[in-house]
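Colleague: Pasting the sequence and the predicted model now:
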Amino acid sequence: MSFNLREAILANVTGHNEEQVEATIEDAVKSGEEKMLPGLGVLFEVYWNTTDEQGRDEVISQIAEGLQK
């Protein structure tokens, strides 16, 4: 039996509105639990696949800046 984590995560959040997505992200970040990292990764993948080059450049800059602190 094969379990696709990406598909399970997407199925769990598909149809969520902005408030629900924000709550999911906030909960994952605040919990600090490593088991939440794959979900954040899938959400980031959705962002990455649906944004333009400018959006990607902005998030890369923000992440790089955050890593310098």
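Modeller: Nice, I can see it.
Colleague: Check what pLDDT Met1 gets.
Modeller: Turning to Met1, the model gives it a pLDDT of 58.
Colleague: should've said Lys69
Modeller: Confidence score, pLDDT, at Lys69: 78.
Colleague: What about it, how many residues nearby?
Modeller: Residues contacting Lys69 under the criterion other CB atoms under 10 Å number 4. (C-beta placed from N, C-alpha, C; glycine too.)
Colleague: so which strand or helix has the residue nearest in space to the middle of the chain?
Modeller: Among the residues of the chain, Leu43 comes closest to the average C-alpha position under CA atoms, centre = their mean, at 2.8 Å. Using DSSP states H and E, Leu43 maps to helix 37-50.
Colleague: ok, now Ala28?
Modeller: helix 18-31.
Colleague: That helix - contacts with which helices or strands?
Modeller: helix 5-13, helix 37-50 (3 or more CB pairs under 8 Å, 6 or more residues apart in numbering; DSSP states H and E).
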